[in-house]
Structures are given as structure tokens and as C-alpha cells.
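Undergrad: need a structure here:
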Amino acid sequence: MIKGTLCYIVTEGKILLIKKKKGLGEGLFNGPGGKIEDGETPDTAAVREFVEETGVMPLNPEHCGTVAFYFGQKEKPDWMVHVFKATNFKGEPVIYRLEEGKYVIDLIKSFAAGTNKKL
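TA: The predicted model follows:
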């Protein structure tokens, strides 16, 4: 079983989503997230993944629950994902080498512009 995270920044009636570049949910919109590394706590992994994928740091993320993902009929889940939510953030978006990079940056800038938050 793979342990992972998803994190959402929700502020002023808006939610920041990205188009996943690879892995679970590839090509779809979701919150940033990924695998929890050995020795890492879920909350630390959630922040690390968010920063790696966007350059933006969620502040004081709150654990909202855990979701089990099953692919096919199995007794045990393939993924156990800890879901977090933050209402504040800081940081500067990073530019990715992949084609979707500019699109992700535009989404982040658009999200920030629609709120009273500064990147």
C-alpha cells in the first residue's frame, strides 16, 4: 500500500487546483500531493509536495481525513491518502520544464489575483 497526501488551499471562496503531470490522476485537476517518504509525517509530506509542485507553501495545513483508493476488487487499498486544507499560503510560483508548467503558473497567479493574498 502506498501512503500519500493531497493538499488544498481554500480561501475567499476559491480553491487552488493543479493539472497533475504524472502519477495518480495524471492529466486531471486535483490538489497537489504525492507519496509520503520514509520517516516523513503526513503533514510534512503535504507541505513538501505542495511546494515542489507549485512553489507556493500552504501555511498551517489542517488534516481533514484519510481516503482509501482501491483499484479493482481487493481487500486492502492501493493508496491511503491523507487530505489537508490550508486557508493561507506564501511563496512564489516556480516554472516547470513540462508544457503544463506555464498553465499551472497562470492558475496560481489567477488564484492569488482573485483573493487578497500576496504570493
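Undergrad: Which residue, other than its chain neighbours, is closest to residue 15?
TA: Spatial nearest neighbour of residue 15, excluding adjacent residues (C-beta to C-beta, 6 or more residues apart in numbering): residue 8 at 5.6 Å. Yep, even glycine has a C-beta here, placed from its N, CA and C like the rest.
Undergrad: Can you report how many residues neighbour that neighbour?
TA: Neighbours of residue 8 under the rule other C-beta atoms under 10 Å: 21.
Undergrad: What helix or strand is it located in?
TA: For residue 8, the host element (DSSP states H and E) is strand 2-11.
Undergrad: Which elements pack onto the helix or strand just after that strand?
TA: Remark: after strand 2-11, the chain's next helix or strand is strand 14-16, criterion DSSP H and E. With contacts defined as 3 or more C-beta pairs under 8 Å, 6 or more residues apart in numbering; DSSP states H and E, strand 14-16 has these neighbours: strand 2-11, helix 100-113.
Undergrad: Can you tell me which of these has the worst average pLDDT?
TA: Among these, helix 100-113 has the lowest mean pLDDT, at a mean of 54.
Undergrad: can you pull the contacts of residue 13?
TA: Residue 13 makes contact with no residue, according to C-beta atoms under 8 Å, 6 or more residues apart in numbering.
Undergrad: what about the residue nearest to residue 15, distance to residue 1?
TA: Look at residue 8 and residue 1: by C-beta to C-beta, to the nearest Å, they are 23 Å apart.
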